[in-house]
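Colleague: Sequence first, predicted model second:
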Amino acid sequence: MRGSSRQPVTVRTARWCAAHPWRAVVGWVLLVVLCVGLGFLTGTDKGTFADFRVGEAGRAEALAADAKLTPAPVEKLLITGDGGEPAAADLDRRMRDLPAVIGVAAPVRSANGDSLLITVTLRGDRETAKKDVGALLAQTAAVQKAHPGLRVEQTGSASVSDGINDRQSKDLQRTEMISLPVTFLILLVVFGAVLAAGIPVLLALLAFAGAVGLYGPASWLFPDAGGAALSVIFMLGMAVGVDYSLFYLKRVREERERSGGALSHAAAVELAAATSGRAVVESGLAVALSLGGLYLMDDVIFSSIATGAILVTLVAVGSSLTILPALLAGLGPRVDGRKGRADRRSGHSRAWTALLRPVLRRPLATLLVGLAATAALALPALNMKLGTEGKETFPDSVPAVASYDRLTAAFPGQGAAHLVVVRTDPAHADAAGQALRALADRTQGDPLFVRQGPPLLRTAADGRTALLELPVPHAQNSPAGLRSLERLRAELIPATVGAVPGAQVAVSGEIAGGVDYAEHQSEHLPRVIVFVSLACLAVMYAAFRSVVLAVLGVVLNLAAVLVSWGVLTLVFQGAWAEGLLGFESFGFVGSRTPLMVFAILVGLSTDYQIFVVSRIREAVLRGAPTRQAVVDGIAGSAGVVTSAAVIMVSVFVSFLFIDRIEMKQLAVGLTVAVLFDAVVLRALILPSALALLGERTWWPVRVPARGVREPRRPVPYEKPVRL
């Protein structure tokens, strides 16, 4: 019986949605609206700065916070030009009138006499400063307007963060405006029908909206890391949302074309659910598991990204299995477009069939060429250097960032600083204080540090904890800045406060935080790679019951990742691509980028692998030998996989327009990997490897596998394309 419960749930779901299309559509839209409403009701847990603590720097911040020694948030006002005293007085008066301000320091003139610096201390902590800084920026702008002959500007952690977030929000909106119409145009070329092109975009947007809504309540389990997940939700939502719809829609068309148009849209939807529907579920599971590996990083940023990305993937899978069959059945002939170039009866791409002939005639030579290309692009990854974003890496187009550069040029001691925190028992508190002063004295005259006036030393009320601030006249990621931290931790501290009995000593600050964060990434990355690889191995084995295919899939995934890392190293550690991609090279790759590329790419690469190998397996189940099945499967899926790759590349490339180097690195890494995956891995290495393996591909299960049946088809299996 057709309605038997023994049929896959994808088929039963598609059948019901096709039979009740508008109920399914309205129900899914209401579900998305409910998700969005739930997000508004619960709000988003933004987390706290304590959630970001890692390594020694994190321990230092915790010690300082416990002793109430965390430095108060400050904003720095810079006046450049002759006769800046009236503007300084105006700023002093305006800032003191603000409720958020608890102190305004007297103006300090720069060494060259051209600039005045006013330091404003805010109430609360870095969290509250983000909310209060807008009022200060407004007063700074008013003083600038009143004194047009001077440059009056403001910088600080809060104003930089406010400017970066505002710029990224605008860039993301622009990215959406670019990627959405480009995706629609590509789909219009593929399908030749406006409705068929619009459906995948619509479903991707619904997946994005639903995931953003669900992200609100989920953030109370995994706090949001300053909106870091939003860009990834959109990027991945467009990628998988469009991909899953594309695979499903193309399969429906193929089923109708095989029947010469005799098969109804509802029946074609049901057949597609048994093949592409199953592949969508398996692919979605692989993507979700791959992203789940990010939780192992023990990092609030990756946890928030994993949460948002998994949600958008699962919502995309759900929409592909419900609203998509409903729309295809409900709209019927209106989603049919013009005939494509592929053979109408077989669905094979003649171009790909021709490309596969030399590959399968000389599989060993092809495999060696593919492996050589992979090795050549991956080898530079051995020299990859990791660093973290800092004020010097943020775009100068943000006013507070440009102001920071001018501030540190005029006042070198106002940039990065090391914060040395020492906690002792009461009996050794005096000795610790003396050791900290000795430490400060040892930095006097050292070009790695800058000393202006007496040591910047503060002691807690109980006398057990003290904090020493050591300014550094170097950028956070500069070699000199890194050497200053190394000298401090390896030489100066052991010789001074490190010798105090029972003392707990830790160093924080921008430089220490960046170094410790990069080390944290390096320590946790191997476990993520192992987990994700094993997860993909399990998904691939569950999908095909073949150890060989599962291992081959993992190897191809890792090859794509290594190529991506190699290209990232070539592009961003050198200066040759700065003008081409619009960035300034700082000689390193962002410490978060390799892992983000790995997690997203492994999921998407497994996505490709499942869809391509599913078609090969179908051909084998119909009785074709493995080599012939490779042609049938790859040529039969080439059009949809190529279209999906082009769409994903267009989405990733649009992120190059976000003026932030980490987003550019993510865009380049994913774009290169997807192109390499589609052109080299799937067109050269995969078919040549399968041709060499032959029937061993399906070990340990002989194909056709027991209990596995090909979905019922309305027409006999077509004559295979000859090699």
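Modeller: All right, it came through fine. Numbers count the residues shown, from 1 in each chain.
Colleague: switch to C-alpha atoms for all contacts and neighbour counts from now on
Modeller: Noted.
Colleague: Low-confidence bits of this structure, can you list those?
Modeller: Where the chain drops to pLDDT under 70, the residues are 1-6, 261, 336-349, 701-723.
Colleague: any idea where the strands of it begin and end?
Modeller: Counting by DSSP state E, the segments of the chain that form strands are 74-80, 101-104, 108-109, 115-122, 151-155, 386-387, 417-423, 456-459, 465-471, 504-509, 589-590.
Colleague: chain center to the longest one, what's the gap?
Modeller: Yep, that's strand 115-122 we're talking about. The chain centroid and the centroid of strand 115-122 are separated by 36 Å, computed with CA atoms, centre = their mean, to the nearest Å.
Colleague: mind listing what it pairs with, with the direction of each?
Modeller: With DSSP bridges as the test, strand 115-122 is paired with strand 74-80 (antiparallel), strand 101-104 (antiparallel), strand 108-109 (antiparallel).
Colleague: okay, the angle between that strand and strand 151-155?
Modeller: Between the axis of strand 115-122 and that of strand 151-155 there is an angle of 40 degrees, by axes from the mean of the first three to the mean of the last three CA atoms, to 10 degrees.
Colleague: Excluding its own residues, what touches strand 115-122? List them.
Modeller: Residues lying outside strand 115-122 but in contact with it, judged by CA atoms under 8 Å, 6 or more residues apart in numbering, are 72-81, 84, 88, 95, 100-110, 129, 410.
Colleague: picking that back up, which one of the strands of the chain is the most hemmed in?
Modeller: Of all those, strand 417-423 has the most neighbours on average by mean count of other CA atoms under 10 Å, namely a mean of 26.
Colleague: Now do that strand: which elements does it pack against?
Modeller: In terms of contacts (3 or more CA pairs under 8 Å, 6 or more residues apart in numbering; DSSP states H and E), strand 417-423 is packed against helix 55-66, strand 465-471, strand 504-509, helix 510-544.
Colleague: Go ahead and name everything in contact with that strand.
Modeller: Identification of contacts with strand 417-423 by CA under 8 Å, 6+ apart yields 60, 63-64, 432, 464-472, 485, 497, 503-512.
Colleague: Give me the angle between that strand and helix 510-544.
Modeller: Here the directions of strand 417-423 and helix 510-544 differ by 90 degrees (the same axes, to 10 degrees).
Colleague: Please provide the alpha-carbon coordinates for strand 417-423, formatted as CSV.
Modeller: Extracted in CSV, the C-alpha atoms of strand 417-423 (Å, rounded to 0.1, in the frame of the first residue of the first chain):
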residue,chain,number,x,y,z
ALA,A,417,49.4,47.8,28.0
HIS,A,418,50.3,44.7,30.0
LEU,A,419,48.3,44.3,33.2
VAL,A,420,50.2,42.3,35.9
VAL,A,421,48.0,41.0,38.6
VAL,A,422,49.4,39.6,41.8
ARG,A,423,47.5,37.9,44.6
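Colleague: Tell me what angle it forms with helix 55-66.
Modeller: Computed with the same axes, to 10 degrees, the direction of strand 417-423 lies at 70 degrees from that of helix 55-66.
Colleague: roughly how far out does strand 417-423 sit from the chain middle?
Modeller: Distance of strand 417-423 from its chain centroid, counting by CA atoms, centre = their mean, is 32 Å.
Colleague: Within the sheet, what are the partner strands of that strand, with directions?
Modeller: Determined by DSSP bridges, the sheet partners of strand 417-423 are strand 465-471 (antiparallel), strand 504-509 (antiparallel).
Colleague: Relative to residue 691, which of those is closest?
Modeller: Evaluated with CA to CA, the strands paired with strand 417-423 place strand 504-509 nearest to residue 691, the distance being 56.2 Å.
Colleague: Any chance you could list what contacts the closest one?
Modeller: Residues outside strand 504-509 that contact it (CA under 8 Å, 6+ apart) are 56-61, 416-424, 489, 497-498.
Colleague: so how far is residue 60 from the spatially most distant residue from the centre of the chain?
Modeller: The outermost residue of the chain, judged by C-alpha distance from the chain's mean C-alpha position using CA atoms, centre = their mean, is residue 427 at 49.4 Å. Spatial separation of residue 427 from residue 60 under the definition CA to CA, to the nearest Å is 21 Å.
Colleague: same thing with residue 553?
Modeller: Distance, residue 553 to residue 60, by CA to CA: 44 Å.
Colleague: Ok, residue 504 next?
Modeller: In this structure, residue 504 lies at 9 Å from residue 60, with CA to CA as the measure.
Colleague: before we move on, the earlier item: so can I have a markdown table of the helices and strands packed on strand 417-423 showing distance to residue 21?
Modeller: Formatted as a markdown table, the entries for the helices and strands packed on strand 417-423 read as follows, by distance: least, CA to CA, whole Å:
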| stretch | distance to residue 21 |
| --- | --- |
| helix 55-66 | 54 |
| strand 465-471 | 66 |
| strand 504-509 | 58 |
| helix 510-544 | 29 |
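Colleague: Could you work out which of those reaches nearest to residue 369?
Modeller: Proximity to residue 369, assessed across the helices and strands packed on strand 417-423 by CA to CA, is greatest for helix 510-544 (24.9 Å).
Colleague: which strands and helices sit next to that closest one?
Modeller: The helices and strands touching helix 510-544, judged by 3+ CA pairs under 8 Å, 6+ apart, are helix 55-66, helix 278-292, strand 386-387, strand 417-423, helix 479-487, helix 547-572, helix 593-621.
Colleague: Minimum distance to residue 681: which of the ones you listed has it?
Modeller: Between residue 681 and these, the tightest spacing by CA to CA is seen for helix 547-572, at 6.7 Å.
Colleague: just checking, what packs against that closest one?
Modeller: Counting contacts by 3+ CA pairs under 8 Å, 6+ apart, the secondary-structure elements packed against helix 547-572 are helix 363-378, helix 510-544, strand 589-590, helix 593-621, helix 661-676.
Colleague: looking at these, which is closest to residue 335?
Modeller: With respect to residue 335, and counting by CA to CA, the nearest of those is helix 593-621 at 22.5 Å.
Colleague: neighbours around the closest residue to residue 538 other than its chain neighbours, how many?
Modeller: Taking CA to CA, 6 or more residues apart in numbering as the measure, residue 538 lies nearest to residue 550, with 7.4 Å between them; neighbours along the chain are not counted. Using other CA atoms under 10 Å, residue 550 has 25 other residues around it.
Colleague: possible to save the helices and strands packed on helix 510-544 as JSON lines with distance to residue 438?
Modeller: Shown next, in JSON lines, are the helices and strands packed on helix 510-544 (distance: least, CA to CA, whole Å):
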{"stretch": "helix 55-66", "distance to residue 438": "20"}
{"stretch": "helix 278-292", "distance to residue 438": "48"}
{"stretch": "strand 386-387", "distance to residue 438": "31"}
{"stretch": "strand 417-423", "distance to residue 438": "13"}
{"stretch": "helix 479-487", "distance to residue 438": "15"}
{"stretch": "helix 547-572", "distance to residue 438": "41"}
{"stretch": "helix 593-621", "distance to residue 438": "40"}
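Colleague: Which one of those lies nearest to residue 137?
Modeller: Closest to residue 137 of the helices and strands packed on helix 510-544 is strand 417-423 (CA to CA; 24.2 Å).
Colleague: hmm, back to that, which one, of the strands paired with strand 115-122, ends up nearest to residue 526?
Modeller: Evaluated with CA to CA, the strands paired with strand 115-122 place strand 74-80 nearest to residue 526, the distance being 38.8 Å.
Colleague: For the closest one, which outside residues touch it?
Modeller: Contacts for strand 74-80 (CA under 8 Å, 6+ apart): 87-88, 114-122, 140, 150-159, 403, 407.
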